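Engineer: Mind looking at a prediction? Sequence and model below.
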Protein chains: 2
Amino acid sequence: MSLSADILPGMHRSRLYAILIDAPRDEADAAAAFWSAALGAPARPEPGAPQFIALHDALPGLVAAVQSVDDAPRIHLDIETDDVVAETGRLLGLGAVQVGQWQECRVLRVPGGHLVCVLPVESDPALFDAQARAWP
Amino acid sequence: MSLSADILPGMHRSRLYAILIDAPRDEADAAAAFWSAALGAPARPEPGAPQFIALHDALPGLVAAVQSVDDAPRIHLDIETDDVVAETGRLLGLGAVQVGQWQECRVLRVPGGHLVCVLPVESDPALFDAQARAWP
């Protein structure tokens, strides 16, 4: 579903990047151990970001990780984009509300009550180019 | 990551099948409209299961849907299997607790506090054969 050929000036691109399994801090290690065994995906702490434990190859084409949070259990989705401001604006226009910012990531509460983070492109550029959607 | 060649007697198979965006009943339509537009994925009500609105081709290789629930917003994962009893037993052995049953699906609360449903194979059998993991 690449729309790379259709990118026009003023457009930006985005792609669903990751599924984050947010677990309360004192349960995060148990959560990572469970998901690793349940999905047969090696659990690997993220260098330099100890709150994340990646679940390697757990999902086809998506990053999956357990994140330790000071909050109730939840799962949230990350959208990567080549223009965080434009993509955040697009999602706000669809009814989302910005509820936080963490480094370069915007945290949105979207219709239905779930959390979405919008972040700069993290994937390999070739993967992003091949799979991202272009938006006016 | 097919392990089909390694299936031995007594083994069963499972595969991550779906991501369900569970939205409170009176927000489910708004949630489906948001996710459809956000991901560029047509929203299609599921015939015979009006609580589900499928997000067609939203995720590579996984089903995605908004589900209307009488509960707080959450996201849960579905695991499909050729042996619901064996797969449920495997996940209970990893620390999950069964908290419900809905038709043929077992609802588990897993370490970290998230929900997982275990259900009979829903995918095309060829896809399941190609991607499912085999477990003792």
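Structural biologist: Okay, I see it.

Engineer: Format the CA atom coordinates belonging to the strand ranked longest in chain A as CSV.
Structural biologist: The residue-count maximum for a strand in chain A (DSSP state E) belongs to strand A:12-24. This file holds the C-alpha atoms of strand A:12-24, laid out as CSV (Å, rounded to 0.1, in the frame of the first residue of the first chain):
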residue,chain,number,x,y,z
HIS,A,12,3.7,14.4,4.9
ARG,A,13,3.8,10.6,5.6
SER,A,14,3.1,8.4,8.5
ARG,A,15,3.0,4.7,9.3
LEU,A,16,1.9,2.6,12.3
TYR,A,17,5.2,1.8,13.9
ALA,A,18,4.8,0.0,17.2
ILE,A,19,2.6,-1.7,19.7
LEU,A,20,3.6,-0.8,23.3
ILE,A,21,2.4,-3.1,26.1
ASP,A,22,2.5,-0.6,29.0
ALA,A,23,2.8,-2.4,32.3
PRO,A,24,3.0,-1.0,35.9
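
Engineer: where are the low-confidence patches of chain A?
Structural biologist: Applying pLDDT under 70 to chain A flags residues A:1-6.

Engineer: quick one: A:Gln101 is in a helix?
Structural biologist: No: using DSSP: H, G, I helix; E, B strand; the rest coil, the assignment for A:Gln101 is strand, not a helix.

Engineer: ok, it touching A:Val107?
Structural biologist: Yes: between A:Gln101 and A:Val107 there is a contact at 6.6 Å, judged by CB atoms under 8 Å. Any C-beta I mention is one placed from the backbone N, CA and C, and that applies to glycine too.

Engineer: which of those two has more neighbours?
Structural biologist: Taking neighbours as other CB atoms under 10 Å in any protein chain shown, A:Gln101 and A:Val107 compare with A:Val107 leading, 18 against 13.

Engineer: Would you quantify the distance from the most centrally placed residue in chain A to chain B?
Structural biologist: Nearest to the mean C-alpha position of chain A, by CA atoms, centre = their mean, lies A:Asp78 at 1.7 Å. In this view, A:Asp78 and chain B are 12 Å apart by CB to the nearest CB, to the nearest Å.

Engineer: is that residue in a bridge, and if so with what?
Structural biologist: Per DSSP bridges, the residues bridged to A:Asp78 are A:Ala18, A:Cys117.

Engineer: Tell me who's in contact with it.
Structural biologist: Contacts here follow CB atoms under 8 Å, 6 or more residues apart in numbering or on different chains; on that basis A:Asp78 touches A:16-20, A:63, A:105, A:116-119.
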